[in-house]
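Trainee: What would the 3D arrangement of this be:
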Amino acid sequence: MRGFAKVACVLFLLGVLLVPEVGSADPDAAGVTAQLTYISGPPGNRLYRFDYTVENFTLEPFIWGFVVFFDADGQDRSDFVSYTYPSGWEDIFVYSEPEGGGAWSVEWDGGYDHPNPIYPGESLNGFSVTFVWKDLDVCPGSQEFEVWNSTVFEGTTVVILTGPTGFENTSWGCIKNAFR
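Mentor: Residues are numbered from 1 along each chain as shown. Predicted coordinates for the structure are as follows:
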C-alpha cells in the first residue's frame, strides 16, 4: 500500500506543478464570431445571413484583411447572394475557390494603409454574408477564416444562432450540425 501512496503523491505533485503551465498557454491571436440568422425559404432553398465580429487579441500592428470560406468541404451546400461591410473595408471580393466542389469565399480587404483597422484588444462588426443554404439535413455551421496583418492567421468561426433556424422542431439537423 505504501508504494501506491508514493505513486499517488508523485502524480498529485506533478499535476499541481503542470496545471499552471497548461493555464498559461497563449490564447489565439484572433477570433471570429458568426451570428447566424434564418431569413426565409423552404428546405433546400433557405436564405440565411452570417453577421461577423472580428476580434484582434494580439496581432500587431493591426488586422487589415478578413476572409471567410464557404463549402470548403466540397459539399456545394450554399450559393452567394450579397454582403455588407463596415466603413473603410470597401475592397470586397467574392471568389470561386480552386478546390472546386462549389467552394467560394468572401474577402474584405482594407489594405495596409487602412482607415479602419482592428488593433490588438479591439473588435469590429458590420461584416455579413447573405446566402442560400441548399442542404436539407443540417444548418450552416462553423467556417474557416483568415485574418491578415503582415502575416496570415487562420481559424474557425464560432457560430451563434440568433433565432429560428428554418428547420422543423422534429429535425435533428441543427443538433447534428453542432457535432460535425
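
Trainee: And the helices in the protein, which stretches?
Mentor: Under the criterion DSSP state H, the chain contains helices at 2-23, 173-178.

Trainee: need the least confident one among these, by mean pLDDT.
Mentor: Lowest mean pLDDT within the helices of the chain: helix 2-23, a mean of 39.

Trainee: Give me the residue ranges of the protein where confidence is low.
Mentor: 1-27, 99, 165-180 (pLDDT under 70).

Trainee: how about the strands in it?
Mentor: Along the chain, counting by DSSP state E, strands occupy 30-40, 46-56, 65-70, 78-84, 91-96, 104-109, 122-133, 144-148, 152-156, 158-161.

Trainee: Dump those into a markdown table; add mean neighbour count as well.
Mentor: No exception for glycine: its C-beta is placed from N, CA and C like everyone else's. Listed next are the strands of the chain as a markdown table, based on neighbours: other CB atoms under 10 Å:
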| stretch | mean neighbour count |
| --- | --- |
| strand 30-40 | 19 |
| strand 46-56 | 21 |
| strand 65-70 | 22 |
| strand 78-84 | 15 |
| strand 91-96 | 13 |
| strand 104-109 | 20 |
| strand 122-133 | 18 |
| strand 144-148 | 19 |
| strand 152-156 | 14 |
| strand 158-161 | 15 |
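
Trainee: would you list those in a markdown table and tack on distance to residue 116?
Mentor: Output for these, formatted as a markdown table (distance: least, CB to CB, whole Å):
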| stretch | distance to residue 116 |
| --- | --- |
| strand 30-40 | 16 |
| strand 46-56 | 11 |
| strand 65-70 | 12 |
| strand 78-84 | 14 |
| strand 91-96 | 12 |
| strand 104-109 | 11 |
| strand 122-133 | 7 |
| strand 144-148 | 14 |
| strand 152-156 | 19 |
| strand 158-161 | 23 |
